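K.L.:
Could you work out the structure for the sequence below:
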Amino acid sequence: MSVLTAIVPAWMRQYKPSWLGVDVLAGVTLAAVAIPEVMGYTSIAQTPVITGLYTIILPTLVFALLGSSRLLVVGADSATAAILAAGLAGLGISGLSPNSTEWVAWTSLVALVCGALLVLARLLRLGFLGDFLSASVLIGFLTGVGISVLTGQLPDMLGIPKGTGNWFEQQWSTLTHLGDANGWTMAFAGGTLVIIVGCKLINRKIPGAVIAVILSIVLSNVLDASSQGVAVIGPVQGGLPPFGLPQGLDLSDIPAVMGVALSCFFLIIAQSAATSRSFAMKHSERVDINRDILGLAGANVAAGLTGTFVVNGSPTKTEILDEQRGRSQMANITMVAVVIVVVLFLTRYLTNMPVAVLAAIVFMIGLGLVDFRGLRRIRAARVSEFVIALLTAIVVFAWGVEEGIILAIVLSVLELVRRAYTPRDFLVGVSKDGEPTYTAAEPGTESLPGLVVFRFDSRLFYANASLFVDRIQQLIAAAPSRVRWLILDCSSIGDIDYSASLNLEGLIASLHAEGRVFAIAQADPRLLEVLAKLDTLKKFDNAHIYATVEDAVAAFRADAAAPAS
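P.N.:
Predicted coordinates for the structure are as follows:
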């Protein structure tokens, strides 16, 4: 690999001047959507509004220069913002309150620790860790985050105080204070929802959130909404983000945020990797996940050094960029330029924007995270995965997003082990044309009189080895005629560990003691190599190793036709 290839991202090396116009237009459109979104995410992270805008300045720029994906949009994200806020609130630090300077310092520290973890993941090539959050668990997790996010916006949309305690207590507080709702606040929130939904129905490319923000600011000023009891966001600090380490914190504070950072870390890898891969596959491209991890590491370090919070790859904003036919990260760099103009010259116009408008924008984002279609598809495909997704969602909104991400990881691994422990197995038969047929391996069945051809759809390891042997012994014991040959179809057994080899040796020994033949068919050369190293091949006649199941069945028939000695 040349120095140029190692340093300059692929999208930049392959960039064509003819793409510039399309990228700039896509970037401006993306900014129109992203600006109100990231401002809304600050209500989830409980940080000042300006910090949301800061997430799409230096962090986005750093990813564009370091990452592999040509489309992935990096910035504030609702799921990581929810994990962050819940995690910091659970630290129990005396005097630490949301939206304060100290709170922002802690959010920046979490971003720095996330960046360090991502650097470590890149060095160790741990991009595969994202695969440990299955799609069903990720859908359940994001659905739970969506429910938590949208219900959390209801008090601001109604103009009533937010409740305290767990999720159920907060919802009860909202219900019991409905009579105190402010009509003007509800009107601003309702108007925002109507504009956003209406624009989506007319044309998804219309930035309804931007229209709602502009109209609400105008109306708020004309009607003097704050005098009617409508909460406004107040003065917004302008200017470029600060640069430097979080003030008032040092290395001794890192252990306190390690749990929060780890939760964000796993979600960043899983969500960003899934987004990068899906859009790369859509365009028949390849993406280097480990290089994207490096870009995400740089983006989070940049976030931590510029007074803002954790950033992540955004599926929604990446989809918008793709819809606008963006060709590269130049579109994201254009978005950065637009945001810089906003923070330098336009923040003073945000002072009288009603809080209810931001709450309504975030409400719609949360609603978009609730994946009803995905849950229906999971339920139709596999009920066990649907139960896991549903359980994950409930834990996320009822107990907390940090607990949810831990449960999501645990359930993903347990589901992986469960499938490996109880894989599907088949009895391989032979059709009239001599082709193999596959039916469920049930006691009382056989492939041919005197023959059982068994296929086990998993690698053999210590956890499922006993089950493997038990199923074969059940088939032999219940076969309609005495089994003379057992052929093991190894086409789905890619590997075997030492514990499983001992179980296999015991099975072979018992078959030989009963005067039966054990044969192997369609084994991968690597599997045969492992069996040789484990000395398992010495336990039976190596003449009974066949290239295909058909060859093994032919050998059985020839043996059956041979005259008895």
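K.L.:
Tell me the helices and strands packed up against the strand or helix carrying residue 256.
P.N.:
Secondary structure assignment for residue 256, by DSSP states H and E: helix 254-282. When contacts are defined as 3 or more C-beta pairs under 8 Å, 6 or more residues apart in numbering; DSSP states H and E, helix 254-282 packs onto helix 78-89, helix 101-123, helix 135-152, helix 289-305, strand 312-314, helix 315-323, helix 401-421. No exception for glycine: its C-beta is placed from N, CA and C like everyone else's.
K.L.:
switch to 7 Å and redo it
P.N.:
helix 78-89, helix 101-123, helix 289-305, strand 312-314, helix 315-323, helix 401-421 (3 or more C-beta pairs under 7 Å, 6 or more residues apart in numbering; DSSP states H and E).
K.L.:
in the longest one, what's buried?
P.N.:
Taking 16 or more other C-beta atoms under 10 Å as the neighbour-count basis, helix 101-123 is seen to contain the buried residues 103-119, 121-122.
K.L.:
just the fifth one next, same as before
P.N.:
Residues of helix 315-323 classed as buried by neighbour count (16+ other C-beta under 10 Å): 315, 316, 317, 318, 319, 320, 321, 322.
K.L.:
Also the last one?
P.N.:
Along helix 401-421, these residues count as buried under the neighbour rule (16+ other C-beta under 10 Å): 401, 402, 404, 405, 406, 407, 408, 409, 411, 412, 415.
K.L.:
now the angle from it to helix 135-152?
P.N.:
Helix 401-421 runs at 160 degrees relative to helix 135-152, counting by axes from the mean of the first three to the mean of the last three C-alpha atoms, to 10 degrees.
K.L.:
what residue ranges in the stretch 1-150 of the chain are flagged as low confidence?
P.N.:
The stretch 1-150 of the chain contains residues with pLDDT under 70 at 1-6, 129-133.
K.L.:
ok, and the closest non-adjacent residue to residue 226?
P.N.:
residue 232 (5.2 Å; C-beta to C-beta, 6 or more residues apart in numbering).
K.L.:
mind listing the strands for this protein?
P.N.:
Along the chain, counting by DSSP state E, strands occupy 73-75, 312-314, 425-430, 436-440, 451-456, 485-489, 517-521, 545-546.
K.L.:
Which residues does the shortest one contact?
P.N.:
Okay, so that is strand 545-546. Under the contact criterion C-beta atoms under 7 Å, 6 or more residues apart in numbering, strand 545-546 has outside partners 519, 520, 521, 523, 552, 555.
K.L.:
Pull the contacting residues for the fourth one.
P.N.:
The contact partners of residue 523, taken as C-beta under 7 Å, 6+ apart, are 490, 545.
K.L.:
Could you report the distance from it to residue 491?
P.N.:
Here the criterion is C-beta to C-beta, to the nearest Å. By it, residue 523 lies 8 Å from residue 491.
K.L.:
what pLDDT does residue 541 get?
P.N.:
Looking at residue 541, its pLDDT is 66.
K.L.:
Let me know whether residue 211 touches residue 195 as I believe.
P.N.:
Yes: using C-beta atoms under 7 Å, residue 211 is in contact with residue 195, at 5.6 Å.
K.L.:
Out of these two, name the residue with the larger neighbour count.
P.N.:
Applying other C-beta atoms under 10 Å to residue 211 and residue 195 shows that residue 195 carries more neighbours, namely 21 against 17.
K.L.:
Now do the spatially closest residue to the more buried one that is not a sequence neighbour: how many residues are near it, please.
P.N.:
Excluding the flanking residues, the one nearest residue 195 by C-beta to C-beta, 6+ apart is residue 212, at 4.4 Å. As a burial measure, residue 212 scores 27 neighbours (other C-beta under 10 Å).
K.L.:
residues touching residue 212, list them.
P.N.:
Residues near residue 212 by C-beta under 7 Å, 6+ apart: 192, 195, 196, 357.
K.L.:
Also residue 368?
P.N.:
residue 316.
K.L.:
can we see that at 6 Å?
P.N.:
Contacts of residue 368 were listed using C-beta atoms under 6 Å, 6 or more residues apart in numbering, and none were found.
K.L.:
got a markdown table for the helices and strands packed on helix 254-282, with distance to residue 179 too?
P.N.:
Formatted as a markdown table, those follow (distance: least, C-beta to C-beta, whole Å):
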| stretch | distance to residue 179 |
| --- | --- |
| helix 78-89 | 28 |
| helix 101-123 | 32 |
| helix 289-305 | 41 |
| strand 312-314 | 38 |
| helix 315-323 | 35 |
| helix 401-421 | 31 |
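K.L.:
So in terms of bridging, what pairs with the residue nearest to residue 226?
P.N.:
Beta-bridge pairing of residue 232 under DSSP bridges involves residue 354.
K.L.:
Go ahead and confirm it touches residue 356.
P.N.:
No: when contacts are counted by C-beta atoms under 6 Å, residue 232 is not listed as touching residue 356 (9.3 Å).
K.L.:
ok, the two, which is more surrounded?
P.N.:
For residue 232 versus residue 356, the count of surrounding residues by other C-beta under 10 Å is larger for residue 356: 30 against 20.
K.L.:
Could you report the pLDDT at that one?
P.N.:
95.
K.L.:
show me what contacts the residue nearest to it when sequence neighbours are not counted?
P.N.:
The shortest distance from residue 356 to any non-neighbouring residue, by C-beta to C-beta, 6+ apart, is to residue 189 (4.1 Å). By C-beta under 6 Å, 6+ apart, the contact list for residue 189 reads 157, 356, 360.
K.L.:
Mind doing that once more with 7 Å?
P.N.:
157, 356, 359, 360.
K.L.:
Kindly report the same for residue 295.
P.N.:
Per C-beta under 7 Å, 6+ apart, neighbours of residue 295: 63, 66, 67.
K.L.:
before we move on, the earlier item: with the buried residues of helix 401-421 in mind, which one is nearest to residue 236?
P.N.:
Ranked by distance to residue 236 (C-beta to C-beta), these are led by residue 401 at 26.9 Å.
K.L.:
and the gap between the closest one and residue 38?
P.N.:
From residue 401 to residue 38 the distance is 19 Å (C-beta to C-beta).
K.L.:
just residue 532 next, same as before
P.N.:
Note on residue 532: its distance to residue 38, by C-beta to C-beta, is 58 Å.
K.L.:
try residue 128
P.N.:
On the measure of C-beta to C-beta, residue 128 and residue 38 end up 30 Å apart.
K.L.:
Over to residue 397?
P.N.:
22 Å.
K.L.:
repeat for residue 555
P.N.:
For residue 555, the distance to residue 38 - C-beta to C-beta - is 67 Å.
K.L.:
Which one's more surrounded, those two?
P.N.:
Neighbour count, other C-beta under 10 Å: between residue 555 and residue 38, residue 38 has more, with 26 against 18.
K.L.:
hang on, the earlier thing: and residue 16, which of the helices and strands packed on helix 254-282 is closest to it?
P.N.:
Nearest to residue 16 among the helices and strands packed on helix 254-282 is helix 315-323; the distance by C-beta to C-beta comes to 17.4 Å.
K.L.:
Next, the angle from that closest one to helix 135-152.
P.N.:
Calculated by the same axes, to 10 degrees, helix 315-323 forms an angle of 100 degrees with helix 135-152.
K.L.:
by contact count, what packs against helix 315-323?
P.N.:
With contacts taken as 3+ C-beta pairs under 7 Å, 6+ apart, helix 315-323 sits against helix 20-45, strand 73-75, helix 254-282.
K.L.:
got the contact list for residue 277?
P.N.:
Applying C-beta under 7 Å, 6+ apart, the residues near residue 277 are residue 287.
K.L.:
Please tell me how far it sits from residue 35.
P.N.:
27 Å.
K.L.:
cool, residue 473 as well?
P.N.:
Taken as C-beta to C-beta, the span from residue 473 to residue 35 is 66 Å.
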